[in-house]
Each structure stands twice: as C-alpha cells, then as structure tokens.
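Colleague: Let me see the structure of the following:
(one chain, ligands or ions: 2)
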Amino acid sequence: PQNQREMSSLPPALQRAVLSQNKTLYGGLEPARSNLTSKIQAEAHQKSHTNTPSSENPGRHRVLRIDVTLSPRDPKAPGQFGHPVAVPPGKKKEAEQRWKEGNFNVYLSDLIPVDRAIEDTRPAGCAEQLVHDNLPTTSVIMCFVDEVWSALLRSVHSVLNRSPLHLIKEILLVDDFSTKEYLKANLDKYMSQFPKVRILHLKERHGLIRARLAGAQNATGDVLTFLDSHVECNVGWLEPLLERVYLNRKKVACPVIEVINDKDMSYMTVDNFQRGVFTWPMNFGWRTIPPDVVAKNRIKETDIIRCPVMAGGLFSIDKSYFFELGTYDPGLNVWGGENMELSFKVWMCGGEIEIIPCSRVGHIFRNDNPYSFPKDRMKTVERNLMRVAEVWLDEYKELFYGHGDHLIDQGLDVGNLTQQRELRKKLNCKSFKWYLENVFPDLKAPIVRASGVLINVALGKCISIENTTAILDDCDGSSKLQQFNYTWLRLIKHGEWCLAPIPEKGSLSLHLCDNRNNRLRWLHKSASAFHPELVEHIVFENYHQLLCMEGNFSQKTLKVAACNPVVPNQKWKFEKYYED
Ligand code: LR7
Ligand code: MN
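Modeller: Ligands and ions are numbered 1, 2, ... in the order given. So this is what the prediction gives:
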C-alpha cells in the first residue's frame, strides 16, 4: 500500500449508478439501514444522555469507556493527548541519526510516554452505541521485525488500556526473527508483566505474510485481529469491530486508520467517508465518497462503509472463516499484495469488507520500510501481485499487466498456482467481473483500450482481413473483417489473430495471438511514456529502431517502415477509445 492517503472523487458515471439503482450503494453504505446495528443506533440515539441500564436492552451494553489514559499519570509529558512534539534544539543531530532505526522520528517516540493519552476522534454517537454482551473473544496479532522498542510498547499498551480485557483472549506478538539486541534482551521480560501477552519467536525470517499465518495458527481466540506494530488504538476501538464479526462471521471489519505523524508523532484524524480502493496495476489507495453522494444518501459519519479492498494491516476476521478461505495464499512472499488477495477472496467468495467509523486506530505512516527484504523489494511485491492477478482477476489481468508495462516480460517465476485456483473453485467464488459490477463499479476496467475499425487518418481507409492477410480497404463498420481490439498488452487482435510486423520484409502478417510474445506488441496513444510526436502512430519497437504501420491505398497494402511523424499515411485511429 501507498503511504499517502490520497483523495479523489467518484466519476459521474458512478454517481449516476449510485443514485439510479436502488441496490447496494456500490461499495458505499451497508445496504440495510434496518439492520441490527442501525436499530441499536436509533434506540441509543433516543436514549442519548440517559445511561441505558442493561435491563432495558437485554443482551446488549454500551461501548465501554475504560480508557485509563484519559487522566494520564503525567499530563505534562511531551506528546500527551496526541499533541505534536518538537525535537529540542540541542538534540537535532541525535534525532536525525536515529531516524533510520524506524524511518520515523524514533527520538521523539522514545521521548513520549508509552501509554500517552490521545484525543477521542470518534464521530459523535459512537460512545453511545450498544454492542452485544456475548461478543466473541479475539487474539490480537502483531507481527514485527526489529520494531522500534517504544513504538512496539505503545502499540501493546494502547490495546491493553483501551480494550475490554474479557474480549482479549491474548495479544500475540509474532517476532519475525528480529536481530536488534535490545529487543531480544528485553522483550520477554517486559511483557511477562502482562498475562495476556504471548510472544511467538520465529526461528527464521518468515516475512509479514507468513508471520501472520504462524500467528493465526497459534491463536486461541474466536476472532483474529491483526495490527501493525506501530499503532495506537483509540478509545472503544475493539467492540465495534467484534460486533460486526458477531453479526455475520463473513464480515471483515477494519478500523478507520488515522495518522501518527512520522515527524512530530502527533495523532491526527483523517477525513470521513473514505473507502479503500485500488488503481491499476493494483496500487492501494483511499478515495473519499463525494459530498453530494453523502448528502443525497444521507450517509452519517457513523455509517459503516463497504470497501472494495482493505489497506491490509488492521482488521478483524473470524478465525474459522479465515481458515475456511484458505488464509492468505501461502505462496506470497514477505510483504505486499496480501491485502489485495484477501480482499478479492472475501468479496468474491461471499464475504464483505467494511470500515467501521466508530473504531479508530492510529498508524505511523512512513516513506520506506526500515527493514531489509530477503530479495529485491519491488520484485517481491510484483511477484505477489502477479500471483493475485493470475488467480483472481480472470480476463481483467491484462489491465494489471498492461499498466505495469514491464510486468509480463520480467520472467518472474510466480510459482505453482494450482492449489489457489482449486481453492477458488472449491469455494465457489464469483468472477472478477461480478466483483467489478457489484463491489467496485467506479473502477475503470475496460478490457480493451480501443476497438472497432482501424482507420488510416490520411486515407480514410480501414484495415480489413482478406484470406490470411491484412489489407487496406474501404471502411465498412458493419463488416466483421474490419473489427479489431487493441488490448492492454498492446496486441491488435482480430479474434484470435494478431497483426504482426515482419521487420525484415517491411511487411505485415497475421499471427496467432500470444500474450507473452512481445514481437506482437504495438505502441499506440501512449505518448507520455513515449514519443509524443508519434502519438497517433502504431509503433513497433525493433531493437531500438522504431517501425510504424503505414498504409498504401492504391495497392491496398500495409507495411512497416521507419517512423516519420509527418508521413500522414502512418497515422491511425480506432473507432472507439476507452481510456481517459
Ligand atoms: O518481513 C517482515 N516481517 C514483519 O513482521 C516485514 C514486515 N513485518 C511487520 C512490520 O514490522 C510491521 O509491523 O509487518 C508490519 C507491516 O509492515 P510495515 O509497517 O513496514 O508496512 P506498511 O505499514 O506500509 O504496510 C501495509 O502494507 C503491508 C503489505 O501490503 C501490510 O498489509 C501492512 O499491514 C500494511 N499496513 C497498513 O495497512 C496500515 C496502513 C497503511 C496503509 C495504507
Ligand atoms: Mn505499518
């Protein structure tokens, strides 16, 4: 995931979809306002300001306000209440030097209390919400490798201080083979004062993804709650998450992720109404539901928001459901992409992903991982994403590869996918098309970039298939022989046949399409990454020489010749383009 919380808005097409269809608000609101929580909310609202005795709401109680840090031991300590802290003038050098220990202001982290108070950033009404008395217990699982000591402690203390302890079966710290001496020497001893804290020392580096799996296998609670190891859970964060899982074990509940500033360690809230989304090639990001959609649908700040994908680090999931889903693909390495995998799996196989605005957890966002990757970081993530694409994206995987440019040519060994594909079949999961239509309709995912007749701009003539060759002919939009698709993998397809250059002869032929054959790839309209003067050309890169498709109408022929921006016969246009 990207570290920045990006904001953008829904396209008009989606807004229409939202307003015209009476079905689910895409991935927006939970469909039924009449569900249990809403009813509880309504009741709670009526009774606001009165302390609801449990006898009036059998089986339910208010979210607990058991935040012992609200009257902190030392209210004057730096960073208290989540306020920003400045490095003292004489300490600037030291702070700078220590930055790399965690890629955030480690000096300040050490300066502020491990149990500091933070502002209760929940929307109004959250504190009055009711939850069930018999919520499931949870194992809070935090994986870490060489985490900054004070940040790790603050994470643990925030869980201990701001959760009803009867719901915490355990806090499971999974030490992913840390090497920092201080950590190794002190962790067990320090944590031994808390009966709820268990430590799992991995004997070798597993990477985050497999460390989480080790945690899940060792967990004894009903629900797994995953957290990063540099977080601060806010007041009442846990119960609303468990409530959702309790209402439906196939709900995966995420808190709102707030920001612990990497420079001054202040605790900052974030904009409401944000969904977790992705852009191609599967980059995670946040997108705000536009104000007019919020207004028209009367979405409240406390309303649950359904998300196409989760950020990945912070969520609660029913343990048996997690295993039913086959956990994460155990073939994913180290870090990255697992949030996509689980998100697609959950939605496509009958579950839901939600952000619960009444649950808020701060996270230190930073610009780089402070630990090393066993192998190249970029390649690791790309390989993971390729596994996800191959198993879950169906025909849409071309968008992933096409946006990643080099992705398909890397020759990365993605490993065996049989088990993952069989799992998808066994679970009877829906198609990626279904996911796009029902969960993430605002994602732009046209399967081809352009289609229809392919017309020579200067001559006004079209490419047509004659027997087994491509020729230039009068345009006839209704003729099947003149229909082409330009795909994300840059093939020009006529059915299963692709336009193929023969550079040696300067001519053109048809070749059976093959996504992996880069001798079939044509550049068209990708000016930004390429020669803007050739934006309308259809270009084939032949050992650093650029060849362009050229039409000759008197002979009805096509050829490839050295590109020339001013040769009009080299300019082409598809009937229809699907990109912005
Ligand atoms: O080899 C490793 N072993 C580990 O135990 C590598 C990492 N880890 C631990 C690490 O110590 C940390 O606690 O894994 C956790 C996550 O790693 P970070 O904090 O370095 O990365 P991040 O915050 O950028 O990670 C986001 O993306 C990850 C991979 O896709 C995981 O899903 C993280 O959980 C996720 N974090 C969040 O979702 C928090 C919000 C960030 C956003 C958006
Ligand atoms: Mn993190």
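
Colleague: C-alpha only now, for contacts and for neighbours.
Modeller: OK.

Colleague: Surely residue 412 is in a strand?
Modeller: No. Residue 412: not assigned to a strand; according to DSSP: H, G, I helix; E, B strand; the rest coil it is coil.

Colleague: Show the pLDDT at the closest residue to ligand 1 within the chain.
Modeller: Using Cα to the nearest ligand atom, the single residue of the chain nearest to ligand 1 is residue 313, 2.7 Å away. If you check residue 313, the pLDDT there is 97.

Colleague: Please identify the residues of the protein in proximity to ligand 1?
Modeller: 1-3, 143-145, 147, 176, 207-208, 228-229, 311-314, 334-339, 369 (Cα under 6 Å from any ligand atom).

Colleague: and residue 382, what does it touch?
Modeller: The neighbourhood of residue 382, defined by Cα atoms under 8 Å, 6 or more residues apart in numbering, consists of residue 407.

Colleague: what about it, helix or strand, and which?
Modeller: Assigned by DSSP states H and E, residue 382 falls within helix 377-392.

Colleague: which parts of whichever helix or strand comes after that helix are buried?
Modeller: Later in the chain than helix 377-392, the nearest helix or strand by DSSP H and E is helix 397-403. Under the neighbour-count criterion of 16 or more other Cα atoms under 10 Å, helix 397-403 has 397, 398, 399, 400, 401, 402 buried.

Colleague: helices or strands next to helix 397-403 in the packing?
Modeller: helix 377-392 (3 or more Cα pairs under 8 Å, 6 or more residues apart in numbering; DSSP states H and E).

Colleague: what is the rounded mean pLDDT of the helix it packs on?
Modeller: Helix 377-392 comes out at a mean pLDDT of 97.

Colleague: Now do residue 512, the pLDDT please.
Modeller: 97.

Colleague: contacting residues for it?
Modeller: With Cα under 8 Å, 6+ apart, residue 512 has these contacts: 496, 497, 498.

Colleague: sorry, back to before: will you turn the buried residues of helix 397-403 into TSV that also has distance to residue 194 and pLDDT?
Modeller: Below are those laid out as TSV (distance: Cα to Cα, whole Å; pLDDT from 0 to 100):
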residue	distance to residue 194	pLDDT
397	47	96
398	50	95
399	49	95
400	46	96
401	48	94
402	51	92
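
Colleague: Can you tell me which of the residues you listed is nearest residue 76?
Modeller: Residue 76 has its nearest neighbour among those in residue 400, at 51.1 Å by Cα to Cα.

Colleague: The closest residue in space to the closest one that isn't next to it in sequence: neighbour count?
Modeller: The spatial neighbour of residue 400 that comes closest, neighbours along the chain excluded (Cα to Cα, 6 or more residues apart in numbering), is residue 281 at 4.5 Å. By the measure other Cα atoms under 10 Å, the count of residues near residue 281 is 20.

Colleague: Who are the contact partners of residue 281?
Modeller: 399, 400, 401, 402, 403, 404.

Colleague: Can you list phi and psi of residue 359 for me?
Modeller: The phi/psi pair for residue 359 (degrees, to the nearest 10) reads phi -110, psi 120.

Colleague: cool, and residue 123?
Modeller: Residue 123 adopts backbone torsions of phi -60, psi 160, taken as degrees, to the nearest 10.

Colleague: which residues of this protein score low on pLDDT?
Modeller: Where the chain drops to pLDDT under 70, the residues are 1-55, 65-70, 527-529, 580.

Colleague: What's the local residue count around the closest residue to residue 268 other than its chain neighbours?
Modeller: Spatial nearest neighbour of residue 268, excluding adjacent residues (Cα to Cα, 6+ apart): residue 259 at 5.1 Å. Around residue 259 there are 20 other residues, counting by other Cα under 10 Å.

Colleague: same thing with residue 478?
Modeller: So residue 478, with other Cα under 10 Å, has 10 neighbours.

Colleague: ok, now residue 291?
Modeller: Residue 291 has 12 nearby residues by other Cα under 10 Å.

Colleague: and what of residue 422?
Modeller: Quick note: residue 422 (other Cα under 10 Å) scores 12 neighbours.

Colleague: and what of residue 280?
Modeller: Around residue 280 there are 15 residues (other Cα under 10 Å).

Colleague: again with residue 520
Modeller: Other residues close to residue 520 by other Cα under 10 Å number 24.

Colleague: hmm, back to that, which SS state does the residue nearest to residue 268 fall under?
Modeller: strand.

Colleague: What's opposite it in the beta bridge?
Modeller: residue 268, residue 363 (DSSP bridges).

Colleague: Now do the same contact list for it.
Modeller: With Cα under 8 Å, 6+ apart, residue 259 has these contacts: 267, 268, 269, 270, 362, 363, 364, 365.

Colleague: Selecting buried members of those residues in PyMOL, what would you type?
Modeller: Here is the PyMOL command that selects the buried residues among these (16+ other Cα under 10 Å):
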select buried, resi 267+268+269+362+363+364+365
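
Colleague: Please produce JSON lines containing the contacts of residue 259, extended by distance to residue 556.
Modeller: JSON lines is the format used below for these (distance: Cα to Cα, whole Å):
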{"residue": "267", "distance to residue 556": "69"}
{"residue": "268", "distance to residue 556": "66"}
{"residue": "269", "distance to residue 556": "65"}
{"residue": "270", "distance to residue 556": "61"}
{"residue": "362", "distance to residue 556": "66"}
{"residue": "363", "distance to residue 556": "64"}
{"residue": "364", "distance to residue 556": "64"}
{"residue": "365", "distance to residue 556": "60"}
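
Colleague: Sticking with the residue nearest the centre of the chain, tell me its helix or strand.
Modeller: Centroid-nearest residue in the chain: residue 284, 3.5 Å away (criterion: Cα atoms, centre = their mean). Taking DSSP H and E as the definition, residue 284 sits inside strand 283-288.

Colleague: Tell me the strands beside that strand, with direction?
Modeller: Checking strand 283-288 against DSSP bridges gives partners strand 274-279 (antiparallel).

Colleague: Tell me the buried residues in the strand it pairs with?
Modeller: Within strand 274-279, judged by 16+ other Cα under 10 Å, the buried ones are 274, 275, 276, 277, 278.

Colleague: Also stretch 386-400?
Modeller: Under 16+ other Cα under 10 Å, the buried positions of stretch 386-400 are 386-393, 396-400.
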